[in-house]
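>>> I would like the atomic coordinates for the input below:
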Amino acid sequence: MKVVIKMTKREEAKALPILLRHSPGTILANRTYIISPEAVSALRKGGIQFDELSRDADPAVGGGTLTGERI
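Numbering: from 1, shown residues only. All right, here's what the predicted structure looks like:
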């Protein structure tokens, strides 16, 4: 599962050390990140404030279609 979050510039500065230790996440534009649920927990424990934009369940576990699979 992956989680998409967005945070302010100030919170991002506090979050980067935590993210670098806990997640091989993806950085998108405008301080938006795709990270693991474990990294989300670490940010919350660190007192970092962010908006959770989306949670994406693992298709293999959820029984949905796979990326690139025809429907």
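>>> switch to C-alpha atoms for all contacts and neighbour counts from now on
OK.
>>> Point out where the chain drops to low pLDDT.
Scanning the chain with the threshold set as pLDDT under 70 gives 23, 57-71.
>>> what residue lies at the spatial centre of it?
Closest to where the C-alpha atoms of the chain average out (CA atoms, centre = their mean) is Ile35, at 2.6 Å.
>>> Let me see the contact set for it.
If you count contacts by CA atoms under 8 Å, 6 or more residues apart in numbering, Ile35 has them with Lys2, Val3, Val4, Ile5, Ser23, Pro24, Gly25, Thr26.
>>> and what of Met7?
Residues in contact with Met7 (CA under 8 Å, 6+ apart) are Arg31, Thr32, Gln49, Phe50, Asp51.
>>> Give me the phi and psi for the first one.
Dihedral angles of Arg31 (phi, psi; degrees, to the nearest 10) stand at phi 60, psi 40.
>>> what's the burial count for it?
Here the count is done by other CA atoms under 10 Å, and Arg31 has 13 residues near it.
>>> swap in the fourth one?
If you count neighbours by other CA under 10 Å, Phe50 ends up with 17.
>>> swap in Thr32?
19.
>>> Identify each buried residue in the longest helix along the chain, please.
In the chain, taking DSSP state H as the definition, the longest helix is helix 9-22. Neighbour-count burial for helix 9-22 flags Glu11, Glu12, Ala15, Ile18, Leu19, His22 (criterion: 16 or more other CA atoms under 10 Å).
>>> doesn't Leu43 make contact with the fourth one?
Looking back up the chat, that one is Ile18. Yes: if you go by CA atoms under 8 Å, Ile18 and Leu43 touch, sitting 6.7 Å apart.
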